[in-house]
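J.: A structural model of the following input is requested.
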Amino acid sequence: MSATTTLHSVSVRPALSADEEALGELDRATWSTLHAVMPRPQPPYDPFFDERHRPGDFLVAEAATEAVTESGAPDGSGGTRIAGYIRLVPPTPLACNAHVRQIQGLAVAAWARGAGVGRTLLRAACAEARRQGANRITLRVLGHNTPARALYASEGFAVEGVLSGEFFLHGRYVDDVLMGRSLAP
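T.: Modelled structure (predicted):
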């Protein structure tokens, strides 16, 4: 008998150093040609956190889950699991750009997709950017990543530029789409 995972609630919190192993595993598990410009990670794996990717740059989605059998009965193996993360950073170190935050990574575990985790993380990132004093938020997404582009557009992000053929991935040129939105209430 197989079990499926049911999400009961999702909460977002700042990442902790102790999350490194789980976030590294999630990052490797969600690697895809749909969004990655770097090759698939191979062992030995680099640390998830480093001098450019600090725990304070990440928000983590945790999901209260419950495993259920095929008949829908709880199997007693519920708990809290990391369901995703989002990285939010200043796009440059320049003072004249300090009013902007940029999303530089969003991942959702396969078992948590379709349950609003990505949307919850986006909204939390916008709230955190406002808390940090930003009045604008931006991101970059590969042109062929239709699901991500649709999510971003549904949360108020608009295409602000396209770098046509910016990447050569898997035998074809792929656009780099720049999206952004205001954080004004």
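J.: Tell me where the chain is predicted with low confidence.
T.: Along the chain, segments meeting pLDDT under 70 span 1-7, 67-69, 71-77.
J.: and the spatially most central residue of it, what does it touch?
T.: Nearest to the geometric centre of the chain sits residue 106, at 1.3 Å (Cα atoms, centre = their mean). Residues in contact with residue 106 (Cβ atoms under 8 Å, 6 or more residues apart in numbering) are 84-87, 118, 121-122, 148. To be clear about C-beta, it is placed using only N, CA and C from the backbone, and glycine gets the same treatment.
J.: Let me see the ranges of the helices in this structure.
T.: 20-29, 117-131, 146-154 (DSSP state H).
J.: Which strands or helices does the first one pack on?
T.: Read that as helix 20-29. Applying 3 or more Cβ pairs under 8 Å, 6 or more residues apart in numbering; DSSP states H and E, we find helix 20-29 packed against strand 79-89.
J.: follow-up on the earlier one: any quick PyMOL command for the buried ones out of the contacts of residue 106?
T.: Buried residues within those, by 16 or more other Cβ atoms under 10 Å, are selected in PyMOL with:
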select buried, resi 84+85+86+87+118+121+122+148
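J.: how far out from the middle of the chain is stretch 132-145?
T.: 11 Å (Cα atoms, centre = their mean, to the nearest Å).
J.: Mind listing what's buried along that stretch?
T.: Per 16+ other Cβ under 10 Å, stretch 132-145 contains these buried residues: 134, 136-143, 145.
J.: Could you do stretch 21-33 as well?
T.: Buried residues in stretch 21-33, counted by 16+ other Cβ under 10 Å: 22-24, 26, 30.
J.: Beta-bridge partners for residue 79, please?
T.: residue 65 (DSSP bridges).
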